[in-house]
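What follows is a predicted structure for the sequence shown.
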Amino acid sequence: MSYLFIKFSITVGLLFVGTSLFADRVLKSLTYYEKDMNVLIRQTPMPEMGESRLEKILTRYYEQGLGGLENWEKIESLKVSGSLKTTELTYKLAACQKKPHFVKLTLRTGKSHLTLGYDGKDAWNILSESGGKATKMDEAVARRFIHNSHFGNHLLYPYKLGKTVSYVDTIPVEGNICHLVRVVLDTDYQIDYFIDIRSYLEVKVEHTDLRNKSVNTTVYTDYIRELGMPIAKNVISRENGEFVSEIQLDEVTINSGIMPWMFRMPK
């Protein structure tokens, strides 16, 4: 069972930044004056924004799309189950995530199963055919898995060091008119978020690995809300334009008592 190109993606979808920080009201990229920025603001998932177009889009995205600060603070973990289809097989999927970056998922088909996990330090996997022993992921695979382990998405914590957030355009995507907001990380990933201008839900997300130029595209549909948080029950992923997988969620549970130790690499 290969997992190199199976991307696990679930949309899940805070404390004040004064408007005095921003002199340019047509600002296309978030910026700040170092003397006015403090650690608290950098660690704020949904800060109060200014009046530029980008800042207004992010404000509506946080409040309308993600459900707002009050709901976000109530959410600690997410547990889901369903199916994952590739061009060859259909797997039973069970997965859980916990703030800020813990993730574990298991794919099963017949008697075979694959478990992938990240405990904040090590990205690891267990393949039933290898005797059920946990091993660390290959460095390149681990880098990608860790990138996707972030609870929520990279539009949260917009002032975090090592991150640039920019408004690119407003364009038609998948039958919707969307704001395109781009995030560039110091880990050499670029993420393009296509946000519906009416619902402020993510329609599509493109992750570009700037090291090798590979592009993973994910399309989200059939949203539900749990504690105000949007969750796409249908997720289709493509790699460089080629179909990779389709996730269909059957069950979603918020705050089910998941603890950090559950994600540790088994000995």
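Received, thanks.

Check which helix or strand the most centrally placed residue in the chain maps to.
Centroid check for the chain by CA atoms, centre = their mean gives Asn153 as the closest residue, at 3.6 Å. Using DSSP states H and E, Asn153 sits within no helix or strand.

wait, isn't it in contact with Tyr193?
Yes: assessed by CB atoms under 8 Å, Asn153 is found in contact with Tyr193 at 7.3 Å. All C-beta spots, glycine's among them, are computed from the backbone N, C-alpha and C.

joint contacts of the two?
Common contacts of Asn153 and Tyr193 (CB atoms under 8 Å, 6 or more residues apart in numbering): Glu202, Val205.

residues touching the closest residue to Leu156 other than its chain neighbours, list them.
Leaving out its chain neighbours, the residue that sits closest to Leu156 by CB to CB, 6 or more residues apart in numbering is Pro45, at 4.3 Å. Taking CB under 8 Å, 6+ apart, we find Pro45 in contact with Leu14, Leu69, Trp72, Gly152, Leu156, Tyr157.

Mind checking which of these are in helices?
Residues of these located in helices (DSSP state H): Leu69, Trp72.

can I get the contacts of Pro45 in JSON lines with distance to Thr253, neighbour count and pLDDT?
What follows is the contacts of Pro45, written out as JSON lines (distance: CB to CB, whole Å; neighbours: other CB atoms under 10 Å; pLDDT from 0 to 100):
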{"residue": "Leu14", "distance to Thr253": "23", "neighbour count": "16", "pLDDT": "25"}
{"residue": "Leu69", "distance to Thr253": "22", "neighbour count": "17", "pLDDT": "95"}
{"residue": "Trp72", "distance to Thr253": "17", "neighbour count": "21", "pLDDT": "95"}
{"residue": "Gly152", "distance to Thr253": "17", "neighbour count": "21", "pLDDT": "91"}
{"residue": "Leu156", "distance to Thr253": "21", "neighbour count": "22", "pLDDT": "96"}
{"residue": "Tyr157", "distance to Thr253": "25", "neighbour count": "21", "pLDDT": "94"}
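
Just name the closest of the contacts of Pro45 to Arg108, please.
Of all the contacts of Pro45, Gly152 has the smallest distance to Arg108: 26.8 Å, by CB to CB.

how near is the closest one to Met265?
According to CB to CB, to the nearest Å, Gly152 and Met265 sit 24 Å apart.

would you turn the contacts of Pro45 into a markdown table with distance to Ser199?
Converted to a markdown table, those look like this (distance: CB to CB, whole Å):
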| residue | distance to Ser199 |
| --- | --- |
| Leu14 | 20 |
| Leu69 | 19 |
| Trp72 | 18 |
| Gly152 | 17 |
| Leu156 | 18 |
| Tyr157 | 23 |
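
just the contacts of Pro45 now: which is nearest Asp169?
Distance to Asp169, by CB to CB, is smallest for Leu156 among the contacts of Pro45, at 21.8 Å.

wouldn't that closest one be in contact with Pro47 here?
No: using CB under 8 Å, Leu156 is not in contact with Pro47; the gap is 9.7 Å.

Show me the shaky parts of the stretch 1-150 of the chain.
1-27, 31-37 (pLDDT under 70).

The closest residue to Pro100 other than its chain neighbours: how many residues sit nearby?
Take Pro100 and drop its neighbours on the chain: the residue closest to it by CB to CB, 6+ apart is Phe151, 5.7 Å away. When neighbours are counted by other CB atoms under 10 Å, Phe151 registers 20.
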